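# My questions are about this predicted structure, shown below with the sequence.
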Amino acid sequence: MVFPYHRGMATLTRADVEHVAHLARLGLAEHELTELEGQLNHILEQYAKLAELDTDDIPPTAQVIELETILRDDVVRTSLDPAAVLANAPERDGDFFVVPAILGGD
């Protein structure tokens, strides 16, 4: 699939940058607007270079690098003794910790 792209359309004017800054509610100084204009136009130039590439034979991907799991395998083990764990609780109710309520009343 080829996306139409015209290099002449890639240039943002100072007015465009001021408008985007206004929409984003950014209060930028004059030198910041000038710097941002250059940076945004540079990004669009780089996109234009990428748009020239033929990607018809490249399958769509969600990741550009191979993913590998960094988690360990689940292994069934004995857990802590509930009585020993609850012995450290400042307050408990049977086999449960008592904690302050975070929603609602007392």
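Right, received. Where do you want to start? Residues are numbered from 1 along each chain as shown.
# pLDDT on stretch 76-92, on average?
The average pLDDT within stretch 76-92 is 89.
# do stretch 49-61 as well
84.
# what's the distance between V75 and T69?
15 Å (CB to CB, to the nearest Å). C-beta here means a position set from N, CA and C on the backbone, and glycine is covered the same way.
# next one: stretch 33-52 to chain centre, how far?
21 Å (CA atoms, centre = their mean, to the nearest Å).
# If you count neighbours, what's buried in that stretch?
36-37, 40-41 (16 or more other CB atoms under 10 Å).
# Okay, strands next: where are they in this protein?
For the chain, applying DSSP state E gives strands covering 92-93, 96-97.
# who touches the first one?
What that stands for is strand 92-93. 86, 98 (CB atoms under 8 Å, 6 or more residues apart in numbering).
# what lines up beside that strand in the sheet?
Applying DSSP bridges, strand 92-93 is found paired with strand 96-97 (antiparallel).
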